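Enquirer: the following block contains a protein sequence and its predicted model.
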Amino acid sequence: MKTNLAVDFCGVHFLNPFVLASSPYTDTAEMVARGFEAGWAGAVLKTTATQDEEVSIAYPIMSSLNRDGRMLGLHNIDLISERHIGVMTGYVRQLKRAYPERVVIGSIVGRNKAEWQFLAREMAAAGADLIECSLSCPQGSMLEGEESPMGSMVSQDPRLTQKVAGWIKEAVPRTPAYIKLTSGVTDLGAIVRAVQASGADGVCLIDSLEGIVGVDLETLEPLPSVQGYTSRGGFSGRAIKPVALRCVADAAQAACLPIAGVGGIYDWRDAAEFLLLGATIVQVCTAVMELGFGIVEELGDGLSRWLAGKGFSGVGEVVGRSLPRLVEHDALPHGVAVRAWIDLERCVGCGRCYVSCRDGGHQAIAWNSGRQPAVDDAKCVGCGLCPQMCPVPGCIVMRSQV
Ligand SMILES: Cc1cc2nc3c(=O)[nH]c(=O)nc-3n(C[C@H](O)[C@H](O)[C@H](O)COP(=O)(O)O)c2cc1C
């Protein structure tokens, strides 16, 4: 059994909730077309600006964080597209002609009111279904004549965010426009409420996390090394998912705005989690760069089967469904005793639970002579560390003592 995945976001109809995020591979119409052919319902073109903005990229722009041969995250010092608004609006026209039922989203960044309004009007005139406004690029989205408190992204400041979002809605009142935000703020709720106050139609969370991915210990050069130098960049992929989920939930609890969730989505389970915490559509960037456009098939199949299996009639029914269970710490049910329980039939005797409990927990697991762990209920507080360390699924479970 499968469920129809169609969904509406900011008043625009999507065949499914899966959208290609603004990225190097949405920098040409040809690549976006390949994504649409694979099954993606929409695409955000690479962020573009006005003609007179010089974009000069210093290569290489990427370096990754790997452990045991697996990429945990990708780091980039990319900039916005080298293709200016005129080229991008050409792509919008081309794509809308060829794929009228797919959603084409123009991504823009301006330096002042005139630029923001010009870019928004150009995208709307070209027929973009939606406009994504990048107030969040880790390489900077400054506003001329304005000093943001942190001196970097517009979306770190509620006043500037409301101002820019207001300019955009003033310029294109009939084209839905939403604001892409950064996670790098103390009070995300204040930023999201500022977007709502501006009249903009929604938010997108999150852009890549500002970071430094590492240093080459041979050359002492921070990475990625551009002739020996680097700059702060954006970190994306698997490792940022918890931050992105938290931001989506924060936004959903702070205001009543549609949310596009993005950050670390690799499979249908990730996507379902974003929906449950308040996203209506999800965007994917790094996973496509690693695994290709074809992952949309697994995303769709898996989500559709899970919805059907749970008895949900569509995507809309699960959006925000887990939010009521996200409470302040003092509202948690305190006082219920929880203990670790180990299934010795499944235990492989690796001793990881013993070591982590001994040195990182409450010294509640004994290691007996038969190379088997034994939980001391009097010492176990139920912290939940040992099942995380156990390599065998279901071997250690936390049991409530009720
Ligand atoms: C190489 C690269 C270039 C990106 N370029 C843009 C961009 O031009 N505009 C934008 O809004 N986001 C850009 N992003 C951020 C992604 O759209 C996305 O928000 C972020 O990577 C988190 O999603 P992910 O974990 O699925 O990659 C870029 C990301 C990467 C990795």
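Expert: Thanks, I have the structure now. Numbers count the residues shown, from 1 in each chain.
Enquirer: which parts of the stretch 101-250 of the chain sit against the ligand?
Expert: 107, 134, 180, 207, 208, 234, 236, 237, 240 (Cβ under 6 Å from any ligand atom). The C-beta positions use only the backbone N, C-alpha and C, and glycine is treated the same way.
Enquirer: list the contacts for the last one?
Expert: Residues near residue 240 by Cβ atoms under 8 Å, 6 or more residues apart in numbering: 73, 206, 208, 209, 263, 264.
Enquirer: does the second one really touch residue 182, like I thought?
Expert: Yes - under the criterion of Cβ atoms under 8 Å, residue 206 is in contact with residue 182, at a separation of 6.6 Å.
Enquirer: joint contacts of these two?
Expert: Counting by Cβ under 8 Å, 6+ apart, the shared contacts of residue 206 and residue 182 are residue 136.
Enquirer: where does the stretch 101-250 of the chain dip in pLDDT?
Expert: Low-confidence segments of the stretch 101-250 of the chain, defined by pLDDT under 70: 138-142, 147-152.
Enquirer: just the helices in the stretch 151-300 of the chain please.
Expert: Taking DSSP state H, counting those that start in this stretch as the test, the helices found in the stretch 151-300 of the chain are 158-171, 188-198, 241-254, 268-276, 286-291, 295-310.
Enquirer: any idea how many residues pack against the closest residue to the ligand within the stretch 101-250 of the chain?
Expert: At 3.2 Å from the ligand, residue 236 is the closest residue in the stretch 101-250 of the chain, using Cβ to the nearest ligand atom. Using other Cβ atoms under 10 Å, residue 236 has 28 other residues around it.
Enquirer: cool, and residue 125?
Expert: 13.
Enquirer: try residue 268
Expert: Each residue near residue 268 was counted by other Cβ under 10 Å, and the total is 21.
Enquirer: is it true that it touches residue 303?
Expert: Yes - under the criterion of Cβ under 8 Å, residue 268 makes contact with residue 303 at 4.4 Å.
Enquirer: right, and the helices of the stretch 151-300 of the chain - which one's nearest residue 357?
Expert: Shortest distance between residue 357 and the helices of the stretch 151-300 of the chain, using Cβ to Cβ, is found for helix 241-254: 23.6 Å.
Enquirer: and for that closest one, what are the contacting residues?
Expert: 181, 183, 188-190, 192-193, 203, 205-206, 209, 257, 259, 261-265, 270, 273-274, 277-279, 320, 323, 326.
Enquirer: counting only strands, which of those make the cut?
Expert: Residues of those located in strands (DSSP state E): 203, 205, 209, 259, 261, 262.
Enquirer: quick check: the two most widely separated of these?
Expert: Top of the distance list for those (Cβ to Cβ): 209 and 259, 17.9 Å.
Enquirer: neighbour count winner among those two?
Expert: residue 259 (29 against 20).
Enquirer: ok so, going back, buried among the contacts of residue 240? Make that a PyMOL selection.
Expert: If you want just the buried ones from these in PyMOL, going by 16 or more other Cβ atoms under 10 Å, the selection is:
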select buried, resi 73+206+208+209+263+264
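Enquirer: run a quick neighbour tally on the residue nearest to residue 14 when sequence neighbours are not counted.
Expert: Once flanking residues are discounted, residue 14 sits nearest to residue 41: 4.3 Å by Cβ to Cβ, 6 or more residues apart in numbering. Residue 41: 24 surrounding residues under other Cβ under 10 Å.
Enquirer: closest to residue 11 out of the helices of the stretch 151-300 of the chain?
Expert: Closest approach to residue 11 among these (Cβ to Cβ): helix 158-171, 13.5 Å.
Enquirer: got the contact list for the closest one?
Expert: So helix 158-171 is contacted by 110, 113, 116-118, 120-121, 131, 133, 135, 143, 146, 148, 154-155, 177, 179, 181, 190-191, 193-195, 197-200 (Cβ under 8 Å, 6+ apart).
Enquirer: ok, of these, which come out buried?
Expert: Neighbour-count burial (16+ other Cβ under 10 Å) applied to the contacts of helix 158-171 gives 110, 113, 116-118, 120, 131, 133, 135, 143, 148, 154-155, 177, 179, 181, 191, 193-195, 198, 200.
Enquirer: of those residues, which belong to strands?
Expert: Using DSSP E, the buried ones among the contacts of helix 158-171 in strands are 131, 133, 177, 179.
Enquirer: give the bridge partners for the last one, please.
Expert: Beta-bridge pairing of residue 179, defined through DSSP bridges, involves residue 133, residue 203.
Enquirer: and it, how far from residue 384?
Expert: The gap separating residue 179 from residue 384 is 37 Å, by Cβ to Cβ, to the nearest Å.
Enquirer: that's a helix at residue 391, yeah?
Expert: No - secondary structure of residue 391 (DSSP: H, G, I helix; E, B strand; the rest coil): coil, not part of a helix.
Enquirer: could you find the closest non-adjacent residue to it?
Expert: In space, residue 391 is closest to residue 350, 6.2 Å off (Cβ to Cβ, 6+ apart).
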